[in-house]
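Student: Quick one: sequence and predicted model below, then my questions.
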Amino acid sequence: MPLNPAIKRLLRIAYKNNFDQLHTFSIEMMRSYLNHPVIRTSEAPFIDITVNPEVHARCFTPINTDPEQELPAIFFISGTAFIMSRLDPCNQYCSLIANQSNMKVINIAHRLAPEHKYPKYLYDCIDTIHHVRERAAQYKIDPNKLAIWGESSGGTIAASCTHKLKSASDPILKHQTLFYPMLDFINKSPSKKAYGQGYMLDDTFIDWLDERGFEPEEDRSHPLISPLLSDSFDNLCPATIITAEYDPLRDEGEAYGKKLAAANVPIFHQRFDGMIHGFMRFYNNITIPKQAMALACEQVRIGLGHT
(Lines give C-alpha, C1' and ligand atoms only; values in the text may rest on other atoms or scores of the structure.)
Protein backbone atom coordinates (compact mmCIF):
# COMPACT_ATOMS: atom_id res chain seq x y z
CA MET A 1 0.00 0.00 0.00
CA PRO A 2 1.36 3.51 -0.75
CA LEU A 3 2.40 5.77 2.09
CA ASN A 4 -0.57 7.50 3.68
CA PRO A 5 -0.76 10.95 1.96
CA ALA A 6 -0.83 12.84 5.28
CA ILE A 7 2.19 10.86 6.53
CA LYS A 8 3.98 11.61 3.27
CA ARG A 9 3.44 15.34 3.80
CA LEU A 10 4.58 15.13 7.43
CA LEU A 11 7.72 13.27 6.38
CA ARG A 12 8.52 15.93 3.79
CA ILE A 13 8.22 18.65 6.44
CA ALA A 14 10.30 16.71 8.99
CA TYR A 15 13.19 16.08 6.63
CA LYS A 16 13.04 19.64 5.35
CA ASN A 17 13.68 20.57 8.98
CA ASN A 18 16.83 18.44 9.26
CA PHE A 19 15.34 15.23 10.63
CA ASP A 20 18.02 13.33 8.73
CA GLN A 21 20.66 15.10 10.83
CA LEU A 22 19.52 13.74 14.21
CA HIS A 23 22.67 11.65 14.52
CA THR A 24 24.73 14.85 14.63
CA PHE A 25 22.80 16.30 17.59
CA SER A 26 24.08 16.54 21.12
CA ILE A 27 22.05 15.01 23.95
CA GLU A 28 20.76 18.46 24.92
CA MET A 29 19.73 19.26 21.34
CA MET A 30 18.00 15.90 20.97
CA ARG A 31 16.05 16.29 24.19
CA SER A 32 14.71 19.66 23.12
CA TYR A 33 14.06 18.62 19.50
CA LEU A 34 12.14 15.36 19.95
CA ASN A 35 9.19 16.67 21.91
CA HIS A 36 6.24 14.42 22.59
CA PRO A 37 3.16 15.85 20.83
CA VAL A 38 0.25 17.18 22.85
CA ILE A 39 -2.78 14.92 22.39
CA ARG A 40 -6.21 16.49 22.45
CA THR A 41 -8.05 14.58 25.17
CA SER A 42 -9.65 14.96 28.59
CA GLU A 43 -6.85 14.82 31.15
CA ALA A 44 -7.22 12.11 33.76
CA PRO A 45 -6.43 12.87 37.41
CA PHE A 46 -3.10 11.53 38.62
CA ILE A 47 -0.86 11.07 41.62
CA ASP A 48 2.93 10.89 41.63
CA ILE A 49 4.79 7.87 42.97
CA THR A 50 8.35 7.89 44.28
CA VAL A 51 9.93 4.47 43.77
CA ASN A 52 13.30 5.68 45.05
CA PRO A 53 15.07 9.07 45.01
CA GLU A 54 15.97 8.65 41.31
CA VAL A 55 12.97 6.78 39.90
CA HIS A 56 9.45 8.15 39.73
CA ALA A 57 6.12 7.24 38.20
CA ARG A 58 2.74 8.84 37.66
CA CYS A 59 -0.51 6.96 38.21
CA PHE A 60 -3.53 8.08 36.16
CA THR A 61 -7.11 7.20 37.05
CA PRO A 62 -9.69 7.26 34.25
CA ILE A 63 -12.15 10.12 34.40
CA ASN A 64 -15.68 9.49 35.64
CA THR A 65 -14.67 6.55 37.84
CA ASP A 66 -14.97 6.16 41.59
CA PRO A 67 -11.51 7.03 43.02
CA GLU A 68 -12.01 4.25 45.59
CA GLN A 69 -12.71 1.61 42.93
CA GLU A 70 -10.00 -0.99 42.49
CA LEU A 71 -8.98 -1.16 38.83
CA PRO A 72 -6.54 -3.09 36.65
CA ALA A 73 -3.35 -1.18 35.78
CA ILE A 74 -1.15 -0.72 32.73
CA PHE A 75 2.54 0.11 33.19
CA PHE A 76 3.41 2.50 30.37
CA ILE A 77 6.94 2.94 28.98
CA SER A 78 7.18 5.65 26.34
CA GLY A 79 9.48 5.75 23.34
CA THR A 80 12.19 7.70 25.11
CA ALA A 81 15.08 6.56 22.87
CA PHE A 82 16.47 5.76 26.35
CA ILE A 83 17.47 9.43 26.73
CA MET A 84 14.33 11.61 27.06
CA SER A 85 12.09 12.35 30.00
CA ARG A 86 8.49 11.46 29.23
CA LEU A 87 6.84 12.11 32.61
CA ASP A 88 5.17 15.50 32.08
CA PRO A 89 5.06 15.33 28.25
CA CYS A 90 2.99 12.12 28.30
CA ASN A 91 0.21 13.37 30.57
CA GLN A 92 -2.31 13.61 27.73
CA TYR A 93 -1.26 10.33 26.12
CA CYS A 94 -1.49 8.40 29.38
CA SER A 95 -4.84 10.06 30.06
CA LEU A 96 -6.02 8.83 26.67
CA ILE A 97 -4.98 5.24 27.44
CA ALA A 98 -6.54 5.38 30.92
CA ASN A 99 -9.83 6.79 29.67
CA GLN A 100 -10.15 4.43 26.70
CA SER A 101 -9.13 1.31 28.61
CA ASN A 102 -10.92 2.28 31.83
CA MET A 103 -7.79 1.24 33.74
CA LYS A 104 -5.14 2.90 35.82
CA VAL A 105 -2.06 3.85 33.79
CA ILE A 106 1.34 4.14 35.46
CA ASN A 107 3.83 6.15 33.45
CA ILE A 108 7.32 5.00 34.45
CA ALA A 109 10.05 7.65 34.46
CA HIS A 110 13.21 5.56 34.42
CA ARG A 111 16.66 7.05 34.66
CA LEU A 112 18.01 8.26 31.35
CA ALA A 113 20.95 7.31 29.18
CA PRO A 114 23.70 8.16 28.49
CA GLU A 115 24.11 9.12 32.15
CA HIS A 116 22.44 5.83 33.14
CA LYS A 117 22.96 3.18 30.49
CA TYR A 118 21.60 -0.35 30.23
CA PRO A 119 20.73 -2.21 32.42
CA LYS A 120 19.89 0.63 34.83
CA TYR A 121 16.77 1.85 33.01
CA LEU A 122 15.48 -1.72 32.62
CA TYR A 123 15.77 -2.44 36.33
CA ASP A 124 14.20 0.93 37.16
CA CYS A 125 11.09 -0.29 35.32
CA ILE A 126 11.17 -3.68 37.03
CA ASP A 127 11.58 -2.01 40.43
CA THR A 128 8.59 0.23 39.68
CA ILE A 129 6.41 -2.77 38.81
CA HIS A 130 7.34 -4.49 42.08
CA HIS A 131 6.88 -1.27 44.06
CA VAL A 132 3.36 -0.69 42.73
CA ARG A 133 2.30 -4.31 43.01
CA GLU A 134 3.36 -4.44 46.65
CA ARG A 135 1.32 -1.29 47.34
CA ALA A 136 -1.62 -2.12 45.10
CA ALA A 137 -4.19 -1.49 47.84
CA GLN A 138 -2.76 1.99 48.44
CA TYR A 139 -3.13 2.90 44.77
CA LYS A 140 -6.53 1.19 44.34
CA ILE A 141 -5.09 -1.31 41.85
CA ASP A 142 -6.01 -4.95 41.33
CA PRO A 143 -2.63 -6.71 41.79
CA ASN A 144 -3.86 -9.68 39.78
CA LYS A 145 -4.61 -7.58 36.69
CA LEU A 146 -1.38 -5.88 35.67
CA ALA A 147 -0.27 -5.23 32.08
CA ILE A 148 2.64 -3.49 30.40
CA TRP A 149 2.56 -1.21 27.33
CA GLY A 150 5.73 -0.06 25.55
CA GLU A 151 6.32 1.91 22.38
CA SER A 152 9.49 1.86 20.22
CA SER A 153 12.44 1.82 22.67
CA GLY A 154 9.82 1.52 25.40
CA GLY A 155 8.72 -1.63 23.60
CA THR A 156 12.26 -2.97 24.00
CA ILE A 157 12.10 -2.40 27.75
CA ALA A 158 8.53 -3.71 28.05
CA ALA A 159 9.40 -6.94 26.24
CA SER A 160 12.52 -7.34 28.38
CA CYS A 161 10.41 -6.85 31.52
CA THR A 162 8.10 -9.68 30.48
CA HIS A 163 11.10 -12.01 30.07
CA LYS A 164 12.58 -10.96 33.40
CA LEU A 165 9.28 -11.27 35.30
CA LYS A 166 7.81 -14.35 33.67
CA SER A 167 6.71 -17.18 35.90
CA ALA A 168 4.71 -20.34 35.39
CA SER A 169 3.28 -20.21 38.92
CA ASP A 170 2.95 -16.48 39.72
CA PRO A 171 3.02 -14.30 36.58
CA ILE A 172 3.08 -10.63 37.59
CA LEU A 173 2.21 -9.30 34.14
CA LYS A 174 -0.89 -10.69 32.45
CA HIS A 175 -0.65 -8.84 29.12
CA GLN A 176 1.91 -6.96 27.02
CA THR A 177 1.21 -4.32 24.38
CA LEU A 178 4.12 -3.55 22.06
CA PHE A 179 3.86 -0.73 19.53
CA TYR A 180 6.54 -0.96 16.80
CA PRO A 181 9.06 -2.40 19.28
CA MET A 182 12.82 -2.45 18.83
CA LEU A 183 13.72 -6.09 19.54
CA ASP A 184 16.92 -6.95 17.67
CA PHE A 185 20.09 -4.86 17.90
CA ILE A 186 22.13 -7.39 15.90
CA ASN A 187 20.49 -8.38 12.64
CA LYS A 188 19.60 -6.29 9.59
CA SER A 189 16.12 -7.40 8.56
CA PRO A 190 14.65 -6.69 5.10
CA SER A 191 12.47 -3.89 6.53
CA LYS A 192 15.54 -2.26 8.11
CA LYS A 193 17.24 -2.33 4.72
CA ALA A 194 14.18 -1.06 2.85
CA TYR A 195 13.11 1.73 5.24
CA GLY A 196 16.34 2.66 6.99
CA GLN A 197 16.38 6.16 5.47
CA GLY A 198 13.61 8.68 5.09
CA TYR A 199 10.89 7.09 7.23
CA MET A 200 11.54 8.82 10.57
CA LEU A 201 13.76 6.12 12.07
CA ASP A 202 16.95 6.38 10.05
CA ASP A 203 19.66 3.79 10.64
CA THR A 204 22.07 6.61 11.54
CA PHE A 205 19.77 7.52 14.43
CA ILE A 206 19.48 3.88 15.54
CA ASP A 207 23.30 3.76 15.68
CA TRP A 208 23.31 7.06 17.65
CA LEU A 209 20.79 5.60 20.10
CA ASP A 210 22.74 2.35 20.43
CA GLU A 211 25.95 4.20 21.33
CA ARG A 212 24.23 6.17 24.09
CA GLY A 213 21.99 3.45 25.48
CA PHE A 214 24.64 0.77 25.94
CA GLU A 215 28.28 0.43 26.89
CA PRO A 216 30.53 -0.44 23.91
CA GLU A 217 31.38 -3.84 25.37
CA GLU A 218 27.76 -4.78 26.11
CA ASP A 219 26.61 -7.92 24.30
CA ARG A 220 23.81 -6.69 22.04
CA SER A 221 22.64 -10.28 21.52
CA HIS A 222 21.70 -10.67 25.19
CA PRO A 223 17.96 -11.49 25.35
CA LEU A 224 17.27 -8.56 27.69
CA ILE A 225 18.71 -6.19 25.05
CA SER A 226 17.42 -8.02 21.97
CA PRO A 227 14.38 -9.98 23.21
CA LEU A 228 13.81 -11.45 19.74
CA LEU A 229 17.04 -13.41 20.19
CA SER A 230 15.91 -15.10 23.39
CA ASP A 231 15.90 -18.90 23.32
CA SER A 232 12.91 -19.13 25.66
CA PHE A 233 9.44 -17.76 25.01
CA ASP A 234 7.59 -20.11 27.36
CA ASN A 235 5.40 -18.61 30.10
CA LEU A 236 5.39 -15.11 28.63
CA CYS A 237 2.16 -13.16 28.97
CA PRO A 238 -0.29 -12.78 26.07
CA ALA A 239 0.67 -10.02 23.65
CA THR A 240 -0.74 -7.38 21.37
CA ILE A 241 1.81 -6.29 18.77
CA ILE A 242 1.26 -3.28 16.53
CA THR A 243 3.54 -2.81 13.52
CA ALA A 244 3.68 -0.34 10.62
CA GLU A 245 4.26 -1.14 6.95
CA TYR A 246 7.03 1.42 6.37
CA ASP A 247 8.83 0.91 9.68
CA PRO A 248 12.40 -0.46 9.71
CA LEU A 249 11.43 -2.34 12.90
CA ARG A 250 8.40 -3.98 11.26
CA ASP A 251 10.01 -7.37 10.62
CA GLU A 252 11.43 -7.87 14.10
CA GLY A 253 8.10 -7.02 15.73
CA GLU A 254 6.31 -9.51 13.50
CA ALA A 255 9.01 -12.16 14.00
CA TYR A 256 8.59 -11.71 17.74
CA GLY A 257 4.88 -12.38 17.43
CA LYS A 258 5.61 -15.60 15.51
CA LYS A 259 8.02 -16.78 18.23
CA LEU A 260 5.39 -16.09 20.88
CA ALA A 261 2.80 -18.03 18.88
CA ALA A 262 5.23 -20.94 18.42
CA ALA A 263 5.56 -21.06 22.22
CA ASN A 264 1.73 -21.16 22.51
CA VAL A 265 1.55 -17.64 23.89
CA PRO A 266 -1.72 -15.95 22.83
CA ILE A 267 -0.86 -13.21 20.35
CA PHE A 268 -2.85 -10.56 18.51
CA HIS A 269 -0.97 -8.74 15.76
CA GLN A 270 -2.07 -5.88 13.53
CA ARG A 271 0.04 -4.27 10.83
CA PHE A 272 -1.11 -0.79 9.83
CA ASP A 273 -0.44 -0.31 6.14
CA GLY A 274 0.72 3.05 4.86
CA MET A 275 2.11 3.94 8.31
CA ILE A 276 5.64 4.64 9.57
CA HIS A 277 7.47 4.13 12.84
CA GLY A 278 6.01 6.26 15.62
CA PHE A 279 2.73 6.91 13.80
CA MET A 280 0.91 7.35 17.12
CA ARG A 281 2.63 10.75 17.30
CA PHE A 282 0.16 11.89 14.66
CA TYR A 283 -2.95 11.09 16.70
CA ASN A 284 -4.30 14.60 16.17
CA ASN A 285 -3.66 14.57 12.43
CA ILE A 286 -4.95 11.30 10.98
CA THR A 287 -7.52 8.60 11.73
CA ILE A 288 -5.38 5.45 11.87
CA PRO A 289 -3.71 6.20 15.24
CA LYS A 290 -7.18 6.52 16.76
CA GLN A 291 -8.06 3.10 15.35
CA ALA A 292 -4.82 1.64 16.71
CA MET A 293 -5.47 3.11 20.17
CA ALA A 294 -9.01 1.73 20.28
CA LEU A 295 -7.80 -1.69 19.16
CA ALA A 296 -4.94 -1.81 21.67
CA CYS A 297 -7.18 -0.77 24.56
CA GLU A 298 -9.75 -3.38 23.56
CA GLN A 299 -7.08 -6.10 23.47
CA VAL A 300 -5.67 -5.22 26.89
CA ARG A 301 -9.20 -5.25 28.33
CA ILE A 302 -9.70 -8.71 26.86
CA GLY A 303 -6.28 -9.81 28.12
CA LEU A 304 -7.08 -8.74 31.68
CA GLY A 305 -10.71 -9.80 31.60
CA HIS A 306 -11.82 -6.21 32.21
CA THR A 307 -15.06 -5.59 30.37
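Tutor: In hand now; what should we look at?

Student: what's the neighbour count on Asn17?
Tutor: A count of nearby residues for Asn17, using other Cβ atoms under 10 Å, gives 10. For glycine as for every other residue, the C-beta is placed from the backbone atoms N, C-alpha and C.

Student: State the pLDDT value of it.
Tutor: Here, the pLDDT recorded for Asn17 equals 89.

Student: show me the contacts for it.
Tutor: Applying Cβ atoms under 8 Å, 6 or more residues apart in numbering, we find Asn17 in contact with no residue.

Student: which residues of this structure fall in helices?
Tutor: Secondary structure of the chain (DSSP state H): helices located at 5-16, 27-33, 91-101, 120-134, 153-165, 190-194, 203-213, 250-262, 288-304.

Student: any chance of the ones you listed in a markdown table, with mean neighbour count and distance to Thr50 too?
Tutor: Rendered in a markdown table, the data for those read as follows (neighbours: other Cβ atoms under 10 Å; distance: least, Cβ to Cβ, whole Å):
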| stretch | mean neighbour count | distance to Thr50 |
| --- | --- | --- |
| helix 5-16 | 14 | 36 |
| helix 27-33 | 13 | 23 |
| helix 91-101 | 24 | 18 |
| helix 120-134 | 19 | 9 |
| helix 153-165 | 25 | 20 |
| helix 190-194 | 15 | 39 |
| helix 203-213 | 17 | 25 |
| helix 250-262 | 19 | 33 |
| helix 288-304 | 19 | 26 |
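
Student: Lowest average pLDDT across the ones you listed?
Tutor: For those, mean pLDDT drops lowest on helix 27-33, to a mean of 91.

Student: which neighbours does the longest strand seen in the chain have in its sheet, and in what orientation?
Tutor: With DSSP state E setting the assignment, residue counts place strand 141-151 as the longest strand in the chain. Strands that pair with strand 141-151, judged by DSSP bridges, come out as strand 71-77 (parallel), strand 175-179 (parallel).

Student: would you turn these into a markdown table with mean neighbour count and mean pLDDT?
Tutor: Rendered in a markdown table, the data for the strands paired with strand 141-151 read as follows (neighbours: other Cβ atoms under 10 Å; pLDDT from 0 to 100):
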| stretch | mean neighbour count | mean pLDDT |
| --- | --- | --- |
| strand 71-77 | 26 | 98 |
| strand 175-179 | 27 | 98 |
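
Student: Indicate which one of those is closest to Gln270.
Tutor: strand 175-179 (10.3 Å; Cβ to Cβ).

Student: Report the angle between that closest one and helix 288-304.
Tutor: Following axes from the mean of the first three to the mean of the last three Cα atoms, to 10 degrees, one obtains 160 degrees for the angle between strand 175-179 and helix 288-304.

Student: Determine how far strand 175-179 lies from the middle of the whole chain.
Tutor: Centroid separation between strand 175-179 and its chain, computed with Cα atoms, centre = their mean, to the nearest Å, is 7 Å.

Student: residues in contact with Ala239?
Tutor: His175, Gln176, Thr177, Leu178, Gly257, Leu260, Val265, Pro266, Ile267, Phe268.

Student: Enumerate every residue touching the nearest residue to the last one once chain neighbours are set aside.
Tutor: It refers to Phe268. With Cβ to Cβ, 6 or more residues apart in numbering as the measure, Thr240 is the residue that lies nearest to Phe268, at 4.8 Å, once sequence neighbours are left out. Applying Cβ under 8 Å, 6+ apart, we find Thr240 in contact with 175-178, 267-270, 295-296, 299-300, 303.
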